[in-house]
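# structure of the sequence below:
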Amino acid sequence: MGDPVFIFGGFPMSLDYLISILKPMLEGAQMTVLLFLIAIVASIPLGFLLTLAVKSSFKPLSWLAQGYIYLMRGTPLLLQLLFICFGLPMIPVIGEYLVLDRFVAACLGFILNYAAYFAEIFRGGLLAIDKGQYEASKVLGLNKWQTMTRIILPQMFRIALPAVTNESVTLVKDTALLYAVAVPELLHFAQTAVNRDFTIVPFVVAGVIYLIMTIFLTVIFKWLEKRLKFE
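This next block holds a predicted model:
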């Protein structure tokens, strides 16, 4: 008696085949999750520092931060990844010292890119706070540090959280770009299975895995929004 055949995503397949492709794809998903966690943990604080730099009264620092944000947001993430992985080692004299592990290079590219986007999100959050908040803080006798940490930043994060949620979901999907720099993640194993078996079922499975990850992430952020009494 042969393996049971069922329909998955509109395509006939056996349970044994699904299991055979699912194992390496889940291993690839671990790399996807690892990159996401590293990028989100590092890029959010860096983005906030960039926001402070943009608002700095020291103009050269402000201009430098703004130029960085324009550069990272104005060029494709894929191009940035390719430059870090393959372009840096080609720089004369110092190139040999800039050869990075592919995964490390990818993490660096994602952090630098998403920090620029988070910086703009946080800047928008600061701009949305009424100037009366600052005046009220002065009346209460709060200094600049107390005003920022107790009054401004909590409001900024509440305002910025929905945009941070959207950007984080985009980050999960953008991890598929690891495939372009030869880092074995989820899409890499899906493409390998497609080329080997001449079926698009692995792409369907990969899509389901990505969907599960983004839904899980969205649920967490929605819970966080409610905890912060955003809604």
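# what's the neighbour count on K131?
Neighbourhood size, K131 [other C-beta atoms under 10 Å]: 7. All C-beta atoms are positioned from the backbone trio N, CA, C, and that covers glycine.
# what's the spacing between it and K138?
Distance from K131 to K138, counting by C-beta to C-beta, to the nearest Å: 11 Å.
# and the helices in the protein, which stretches?
Under the criterion DSSP state H, helices of the chain are mapped to 15-54, 59-74, 77-82, 102-127, 132-139, 144-146, 153-174, 186-197, 201-227.
# out of these, deepest packed?
Most buried of these, by mean neighbour count (mean count of other C-beta atoms under 10 Å): helix 102-127, with a mean of 21.
# now for it, which elements pack on it?
In terms of contacts (3 or more C-beta pairs under 8 Å, 6 or more residues apart in numbering; DSSP states H and E), helix 102-127 is packed against helix 15-54, helix 59-74, helix 77-82, helix 153-174.
# can you put the helices of the chain in a markdown table and add distance to I94 and mean pLDDT?
Shown next, in a markdown table, are these (distance: least, C-beta to C-beta, whole Å; pLDDT from 0 to 100):
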| stretch | distance to I94 | mean pLDDT |
| --- | --- | --- |
| helix 15-54 | 23 | 89 |
| helix 59-74 | 20 | 94 |
| helix 77-82 | 19 | 93 |
| helix 102-127 | 16 | 92 |
| helix 132-139 | 45 | 76 |
| helix 144-146 | 40 | 76 |
| helix 153-174 | 29 | 88 |
| helix 186-197 | 30 | 85 |
| helix 201-227 | 38 | 88 |
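# now those in TSV, with distance to V93?
Formatted as TSV, the helices of the chain follow (distance: least, C-beta to C-beta, whole Å):
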stretch	distance to V93
helix 15-54	28
helix 59-74	23
helix 77-82	21
helix 102-127	20
helix 132-139	49
helix 144-146	44
helix 153-174	32
helix 186-197	34
helix 201-227	42
